[in-house]
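**Q** how would this look folded up:
(2 chains)
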Amino acid sequence: MGAHAHRPGTIDASHTRTRSLFTVSADRRPLATPYRTHTCGDLRLADDGITAKLSGWVHRRRDYGKLIFIDLRDRHGITQVVIDAGDAPEAHEIATRVRSEFVIAVEGIVTERGEGMDNAKLATGAVEVQVRSIRILNEAKTPPFYINDPDATIDETLRLRYRYLDIRREAMQARLMLRSRLVQAIREVHHDNGFIEIETPNLIKSTPEGARDFIVPSRLQPGTVYALPQSPQQLKQLLMVAGIDRYFQIARCFRDEDLRGDRQPEFTQLDLEMSFVDEDTVRTFIEMMVIQVTKATVPDRPIRQIPFPVFEYDDAIERYGSDKPDLRFAMELFDLAPALRTADGTPDSGFRVFDETLASGGRVKGITAPGMGGATRREIDELTETAKRFGARGLVNLSVQPGGELHGPIAKFLSASTQATVRDQAGASDGDLILIVADKAETTNDVLGRLRVELGGRLGLADPNELAYCWVHHFQMYQRDAEHTRWDATHNPFSGVVPEDEVLLATTAGDLDVRDPGDPAGRAKAMQYDVALNGWELGGGSVRIWDPVLLARSFGLQGYSKEQMHERFGAILEAFEYGAPPHGGIALGVDRWAALLSYQTNIREVMAFPKTQSGSDLMLEAPSAPDAEQYQELGLKFVGLPPKG
RNA sequence: GGACCCGUGGUGUAGCGGCCUAACAUGCCAGCCUGUCACGCUGGAGACCGCCGGUUCGAAUCCGGUCGGGUCCGCCA
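**A** Numbers count the residues shown, from 1 in each chain, chains lettered A, B, ... in the order given. All right, here's what the predicted structure looks like:
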């Protein structure tokens, strides 16, 4: 375990690379210093009788007049120390002045607590330290919130303002330690598999990632700027050209976009890239790595399915309405079109909205909420509100009655036989609620996918302990840009096309100014894969286009002129002329991963010093106005933003 | 860029037009207590209700604005 295992003098046969990652060292005193012989989590019954020195923060003090108990805390645990006025009058006098969160050092005899006096809630609860001497290393103001109450709800503004106090709390420490284990496991698995960890610069040139860049003005070259990397994408591909056939990095990335609970302006990616691989090779490694890292980090949490399920992008959308399905519960979408058409295929449900939607090429699909047949008006309204917020015109609800009859506002339009088929398609039975959306395909799937997530939450369908990883791949390569007549890469502009679709690109390599919506390029599938975990996108990657001819063709389709290509991708295009190996990789969101493994949905909870939604650091009070001198050196002047309008 | 929610002693909440010279819990301070472990008991201090303006005889309570925080849409992979 890093520093512990490799510390001189602690070498022992079990300290090999293959031993379990996280066993506690047999040597219990690696953290001993002049201030302590043990940590506050170390002492056990076996230590009865020894002299120990402990240092830490006063977690709690219980004063009996002539007898004072102090729960002494450090990040390793809590140990009760006792100061008895009869045994140690000087120490007792000092202890009366001690308050919460004072930093103190004590020395005394480790003593078995004895019958009925032990505390099973503490790992060290079988013993206590009978204090001979005590030192106040530092006093402390009364903290602005409870550090010693794990259940206290604290306003996040306060937590962020006093983050160094927040991090003293057990829950934060546990999450940061989990994150540290996660990153350690990531490094071990990669090193064990021949990967080289290489750092790439944070002052680079803008890369076309789609998000807004953070800009850093150059002093040495006034009037020019660096961009902070949105990801090391281009640099890692250049490393592949450089012959680093297996690269990884725990990389800090920066994106100047609006924030969310799962998005911070700077965040951490596990970035990796491999040479001489096809999609299968890369995904096989990543899956193995993810499984090993998960097991090393949270050994008690079950992974729902190994190997991970693999979905075609189109299938994921069709079945779950999402490209990052939460597979901890089923509740798949169903298609009502077959139930609503006559034998010759004419839409004839009796309900005009359904028929017109189908006739115009839209979809009528639904989802079944088990046991929600008795939903209140209010619940239905809330679900309808959700549906509308995501673009649906309405939400049809039908509850299944004991006889199998459907009840709901539009039930009267549906014949008995149509009702039976609908019920059948929905797989619904007595007491269930059927929710139906009729709209164009994209809206229908999206709305139902979001309803699925919401219903899963309301009904508590997901096992919170379970980790359901899955793959979604074969995204469509390009999407037609609404305004311009060009194709946007749906993910990474370097993503390769699946070999059988290469021809689709070739057939359109003619006049780039005239783009036909029916262009075969729109059908091309990318060698692009995402990993999802419990309904979150953990990360995505692809096998890249490594053939310069194909790359130029793909960029052309995306509407880049020769000049733009050179301006934005010059280095990589040139590098590819010197022999690029086939390569592919992935980037995984470390913050999201750590959050999910910590049962959190907010990545601020696994970051030591995160920013607020408006990008402020409440502790450091960043951002702040630069000095006049800084402006001057850079030749800059703030002229204000143009008026809104 | 937009929608919604929150802002009351140190902390978490209650109060939502006059009974509020603001309540409860906890924390804090003082005193008592030799076996507690969210110790206990007694006493005490502590907020003018984010800020500005308005409505009203009267505002923590209603309205507008503003600042800060959060959730979400857009944006972002």
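
**Q** the stretch 1-150 of chain A: helices as residue ranges?
**A** A:89-95 (DSSP state H, counting those that start in this stretch).

**Q** my bad, should have said the stretch 151-300 of chain A
**A** Counting by DSSP H, counting those that start in this stretch, the helices of the stretch 151-300 of chain A are A:156-161, A:163-166, A:170-192, A:233-241, A:279-297.

**Q** same check on the stretch 301-450 of chain A?
**A** Using DSSP H, counting those that start in this stretch, helices in the stretch 301-450 of chain A cover A:313-320, A:337-340, A:352-359, A:377-389, A:416-426, A:441-458.

**Q** equivalent analysis for the stretch 451-600 of chain A, please.
**A** A:502-506, A:548-557, A:562-576, A:590-597.

**Q** who in the stretch 201-350 of chain A is up against RNA strand B?
**A** By CB under 7 Å from any atom of the strand, the part of the stretch 201-350 of chain A that sits against RNA strand B consists of A:209-212, A:230, A:255, A:257-261, A:263, A:323. (Each C-beta comes from the backbone N, C-alpha and C, glycine too.)

**Q** so residue A:595 touches residue A:606, yeah?
**A** Yes - contact criterion CB atoms under 8 Å: residue A:595 and residue A:606 qualify, at 4.9 Å.

**Q** coming back round to it: by mean pLDDT, show me the worst of the helices of the stretch 451-600 of chain A.
**A** Lowest mean pLDDT within the helices of the stretch 451-600 of chain A: helix A:502-506, at a mean of 76.

**Q** against which helices or strands is that helix packed?
**A** Secondary-structure packing of helix A:502-506 (3 or more CB pairs under 8 Å, 6 or more residues apart in numbering; DSSP states H and E): helix A:548-557.

**Q** quickly list what the residue nearest to residue A:491 when sequence neighbours are not counted is bridged to.
**A** Leaving aside its chain neighbours, residue A:491 sits nearest to residue A:528 (5.0 Å; criterion: CB to CB, 6 or more residues apart in numbering). Counting by DSSP bridges, residue A:528 forms beta bridges with residue A:542.

**Q** against residue A:585, how distant is residue A:528?
**A** Separation of residue A:528 from residue A:585 (CB to CB, to the nearest Å): 12 Å.

**Q** quick check: neighbours shared by the two?
**A** Taking CB atoms under 8 Å, 6 or more residues apart in numbering as the contact criterion, the common neighbours of residue A:528 and residue A:585 are A:541, A:542.

**Q** for the residue lying farthest from the centre of chain A, give its distance to residue A:104.
**A** What lies farthest from the middle of chain A is residue A:86; by CA atoms, centre = their mean that is 55.4 Å. Residue A:86 sits 21 Å away from residue A:104, going by CB to CB.

**Q** ok but residue A:640 is inside a helix, no?
**A** No - assigned with DSSP: H, G, I helix; E, B strand; the rest coil, residue A:640 falls outside any helix and is coil.

**Q** just the pLDDT at it, thanks.
**A** 80.

**Q** report how many residues lie close to it.
**A** 5 (other CB atoms under 10 Å).

**Q** roughly how far does the residue nearest to residue A:635 when sequence neighbours are not counted sit from residue A:633?
**A** What sits nearest to residue A:635 in space, not counting adjacent residues and going by CB to CB, 6+ apart, is residue A:222, at 4.4 Å. Separation of residue A:222 from residue A:633 (CB to CB) stands at 8 Å.
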